[in-house]
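> Give me a 3D structure for the following:
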Amino acid sequence: MYIYETKPPSSHFGRAERSTRLRPAQRNPYYLDRVISGFLGRGENNNTYAWANEGLGQLKTDELSKKLTHLSFLPHFVEVNGKDVALTPGAMDPGIYDGPEKYKIAPRLQDCLKTVMVMEKGKFRHIKVALVDLTKNVMQPEFAASFDHKEPLFAASVPKIAPMLAAYQLRHDLRVALKQKPVKTLDDLFGLVRQHWADTQRDPKGKATPFARGVSLWGKLVLEHGNKIPLAGPKVPQLDSVFAKVPAGRALTIAFMSTGENKADLKNIIVGFNEPSKAREELRRAQRKGDASSVKKAKQRTEEAERKFPVFKKKLDALGFLERMRVMVGGRVPASNYATSTVVRDVGFPYIASTLLQSGLYDTNRNGGLWLGADYCHRRNSWRGPLGGGFVQNATTGSLAAFMTLLVQNRLVSAPASAEMRMLMKKEPNPTHPGIVSWFKEGLKQLPNKGSLKTVLSKLGVAEERIDDCTYIEREVHDGKGGKKTLRYVAVGLRAKNEDLLKELILNLDKCILANNGLTPALGGHPRLVEFQQIFRGYE
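As a prediction, the model looks like this:
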């Protein structure tokens, strides 16, 4: 169900997996904020980057495309305590990092997770797991993980959260630019930021500055083992496609382009777009069975679906940027894959990479992290794998735990942006767009009252007969004192062999969260079985 293939299918809406393994580099200890502060040209006591420093430019998209040739750090901002400051890894520490390389392990939670990972002859051991308990204080997370939480993995559709994040980062950066350099029209604003992006390509004087293991900065250019990184595929943000036009005479606002389709409208487009794929699968099943009548019906269905397909593709292409993001994150493939390709086209690989690097969500010091260098649809639009080696659709469980923790803390880009991204990732019932299953959610629904779930945010991935789930969960349990308590936690499980294992895993992870908060499994609705009491004895 919702299989995402790593080899190109007959349809051109598939994707090609490409792995890039890079040689290891020497470790370079560094002061993250200090390095980036100097790089952005701001003093240690000044946390803003002045867009107005270099004047108003009128650079057009095609002109910028010629100038933007190598990966560079673009000017990004994040809201911290109500102020816009430069985006740096230091500003984006979710509270689960222990220095520049390690993750901060919560001993009690880690001990419980270890017990889960070896239970029943280690049936969960192949799954890469991270767990973050936010129950006591969302700003003071407790982290636990399997030993391979820093291993780079092909993460199927999970890295679609990267272009989502970059899109909100782009919107925020333009809003900051507008505050710092008031202009009369969007064209003037777009020209200004394009000029600043082009200026990142200048060859600076002096030596490169270490940034991370194997990565350094030469001015604003990113160097990999001392070499500039060529760009390919979609390079330049298509600002006119991403942002809504502002009628003459009105105050300038920066908002995503929206065509206003509701959930039912989007479902109709997605179903029509996906119908040929489903019809062909039905035809293959009928042919394997050798039932002539079923084959005939399946052929008719396939022909009808393919005849109507151009209409639904045209409708998907005509959607506003906001609606296409909803289809992308909703996850119903192949429509989700195609929508992702349009979002990547409109945001561009450089903006995605610059956002991930400067936020620390991709950090070679932590052996990599979240990365996207392909568009899920067109082989020719793939760029490259991550700087430290890995896959074009890459993640580690640690980086996904950091992403989800920051999202819940309202610290991805800004509080309003975080809230909007949570709505995109919200599982049903979702008022704006159709989505797909979360196997962690389905596992918890086996508990009484369907787990008493309050909120589930999730991004699912399926490929190579393996399944991924990256989830934030809120659910209500008994507190043992006659009242209720809300559990809040992030659970990441990557490369599980099947959905049943993920459903079973989350039930055991949930018991660890209960135990970490002084609650018994029974208070969380888990059955009173002797084996459960034995496994979790000492954690209650």
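
> how close does residue 496 get to residue 460?
11 Å (Cβ to Cβ, to the nearest Å). Heads up, the C-betas are built off the backbone N, CA and C, glycines and all.

> Apart from its chain neighbours, what residue comes closest to residue 252?
Spatial nearest neighbour of residue 252, chain neighbours left out: residue 246 (5.5 Å); criterion: Cβ to Cβ, 6 or more residues apart in numbering.

> Check for me that that neighbour belongs to a strand.
No - counting by DSSP: H, G, I helix; E, B strand; the rest coil, one finds residue 246 to be coil, located in no strand.

> Give me the neighbour count for it.
With neighbours defined by other Cβ atoms under 10 Å, the count for residue 246 comes to 15.

> Tell me where the stretch 301-450 of the chain has strands.
362-363, 368-369, 371-372, 390-391, 393-395 (DSSP state E, counting those that start in this stretch).

> Turn those strands into JSON lines, columns for mean pLDDT.
Shown next, in JSON lines, are the strands of the stretch 301-450 of the chain (pLDDT from 0 to 100):
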{"stretch": "strand 362-363", "mean pLDDT": "98"}
{"stretch": "strand 368-369", "mean pLDDT": "98"}
{"stretch": "strand 371-372", "mean pLDDT": "98"}
{"stretch": "strand 390-391", "mean pLDDT": "95"}
{"stretch": "strand 393-395", "mean pLDDT": "97"}
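
> What lies in contact with stretch 270-289?
Contacts of stretch 270-289 with the rest of the structure, by Cβ atoms under 8 Å, 6 or more residues apart in numbering, involve 11, 294-295, 297-299, 301-302, 304-306, 308-309, 311-313, 315-316, 327, 330, 332-335, 338, 434.

> Kindly supply the PyMOL command isolating those of those that are buried.
In PyMOL, a selection of the buried entries from the contacts of stretch 270-289 looks like this (16 or more other Cβ atoms under 10 Å):
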select buried, resi 295+298+299+301+302+305+309+312+313+315+316+327+330+332+333+334+335+338+434
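
> From one end of stretch 246-265 to the other, what's the distance?
Distance across stretch 246-265, first residue to last, is 25 Å (Cα to Cα, to the nearest Å).

> Other residues contacting stretch 335-346?
So stretch 335-346 is contacted by 4, 13-15, 157, 160, 163-164, 167, 233-234, 237-238, 241-242, 269-270, 273-274, 313, 316-317, 319, 321, 324-325, 327-330, 352, 372, 375-378, 381 (Cβ under 8 Å, 6+ apart).

> ok, now with 7 Å
13, 15, 160, 163, 167, 234, 237-238, 241-242, 270, 273-274, 316, 321, 324-325, 327-328, 330, 375-378, 381 (Cβ atoms under 7 Å, 6 or more residues apart in numbering).

> Just the buried residues of those residues.
13, 15, 160, 163, 167, 234, 237, 241-242, 270, 273-274, 316, 321, 324-325, 327-328, 330, 375-378, 381.

> So which of these are in helices?
Those of the buried ones among the contacts of stretch 335-346 mapping onto helices are 163, 167, 241-242, 270, 273-274, 316, 321, 324-325, 327-328, 330, per DSSP state H.

> any chance of those residues in CSV, with distance to residue 253 and pLDDT too?
CSV is the format used below for these (distance: Cβ to Cβ, whole Å; pLDDT from 0 to 100):
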residue, distance to residue 253, pLDDT
163, 22, 98
167, 16, 98
241, 17, 97
242, 13, 98
270, 29, 98
273, 31, 97
274, 34, 97
316, 26, 98
321, 15, 98
324, 20, 98
325, 18, 98
327, 24, 98
328, 23, 98
330, 26, 96
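
> Looking at those residues, which one is closest to residue 258?
residue 321 (7.4 Å; Cβ to Cβ).

> Show the contacting residues for that closest one.
Residue 321 sits in contact with 241-242, 256-257, 346, where contact means Cβ under 7 Å, 6+ apart.

> Return the backbone torsion pair for the residue nearest to residue 252.
phi -110, psi 120 (degrees, to the nearest 10).

> Quick check: it touching residue 254?
No - the pair residue 246 / residue 254 is not scored as a contact, 9.0 Å apart, by Cβ atoms under 7 Å.

> what sits in contact with each of these two?
By Cβ under 7 Å, 6+ apart, no residue touches both residue 246 and residue 254.

> Would you mind splitting this protein into its domains for me?
Residue ranges for the domains of the chain, per automatic domain parsing: 97-151+416-535, 263-318.

> hey, which of those is tucked in deepest?
Mean neighbours per residue, mean count of other Cβ atoms under 10 Å, is largest over the domains of the chain for domain 97-151+416-535, with a mean of 19.

> How many residues are close by residue 248?
6.

> Relative to residue 184, how far out is it?
10 Å.

> And residue 157, how far from residue 400?
12 Å.

> now swap in residue 439 and tell me
Residue 439 is 15 Å from residue 400, where distance means Cβ to Cβ.

> for residue 133, same thing?
With Cβ to Cβ as the criterion, residue 133 and residue 400 are 16 Å apart.

> Residue 427 too?
From residue 427 to residue 400 the distance is 16 Å (Cβ to Cβ).

> Contact partners for the spatially most central residue of the chain?
Central residue of the chain (Cα atoms, centre = their mean): residue 161, 2.2 Å from the mean position. Contact partners of residue 161, counting by Cβ under 7 Å, 6+ apart, are 403, 459.

> One more pass at 8 Å, please.
Per Cβ under 8 Å, 6+ apart, neighbours of residue 161: 329, 370, 403, 425, 459, 470.

> Please apply the same query to residue 438.
Residue 438 neighbours (Cβ under 8 Å, 6+ apart): 427, 456, 458, 460, 469, 471.

> now residue 245: how far from residue 320?
11 Å.

> Oh, that last question was meant for residue 82, not what I typed.
From residue 82 to residue 320 the distance is 30 Å (Cβ to Cβ).

> Looking at the two, which is more packed in?
Taking neighbours as other Cβ under 10 Å, residue 82 and residue 320 compare with residue 320 leading, 17 against 7.

> The more buried one reaches residue 258, doesn't it?
Yes - applying Cβ atoms under 8 Å as the test, residue 320 and residue 258 come out as touching, 4.2 Å apart.

> Now the common contact residues for those two.
Counting by Cβ under 8 Å, 6+ apart, the common neighbours of residue 320 and residue 258 are residue 244.

> Hmm, residue 245 is touching residue 187, no?
No - Residue 245 is beyond contact range of residue 187, at 10.1 Å (criterion: Cβ under 8 Å).

> higher neighbour count, those two?
Between residue 245 and residue 187, counted using other Cβ under 10 Å, the more crowded position is residue 187 (13 against 9).

> got a pLDDT number for that one?
Residue 187 carries a pLDDT score of 94 in this model.

> For it, give me phi and psi.
phi -60, psi -40.

> Do I have it right that residue 156 meets residue 462?
Yes - between residue 156 and residue 462 there is a contact under Cβ under 8 Å: 5.8 Å.

> tell me the contacts of residue 106?
133, 142-144, 516.

> between those residues, which is closest to residue 90?
Closest approach between these and residue 90, by Cβ to Cβ: residue 143, at 17.9 Å.

> Which helix or which strand is home to that closest one?
Using DSSP states H and E, residue 143 sits within strand 142-145.

> any idea how far the closest residue to residue 241 other than its chain neighbours lies from residue 235?
Nearest residue to residue 241 in three dimensions, chain neighbours excluded: residue 346, at 4.9 Å (Cβ to Cβ, 6+ apart). Between residue 346 and residue 235 the computed distance is 12 Å (Cβ to Cβ).

> More neighbours: which of residue 157 and residue 400?
residue 400 (30 against 25).

> mind listing the helices for the stretch 301-450 of the chain?
Along the stretch 301-450 of the chain, counting by DSSP state H, counting those that start in this stretch, helices occupy 321-330, 335-347, 349-359, 397-408, 415-425, 439-444.

> Of these, give the one that comes closest to residue 137.
By Cβ to Cβ (comparing all of the helices of the stretch 301-450 of the chain), the closest turns out to be helix 397-408, at 11.6 Å.
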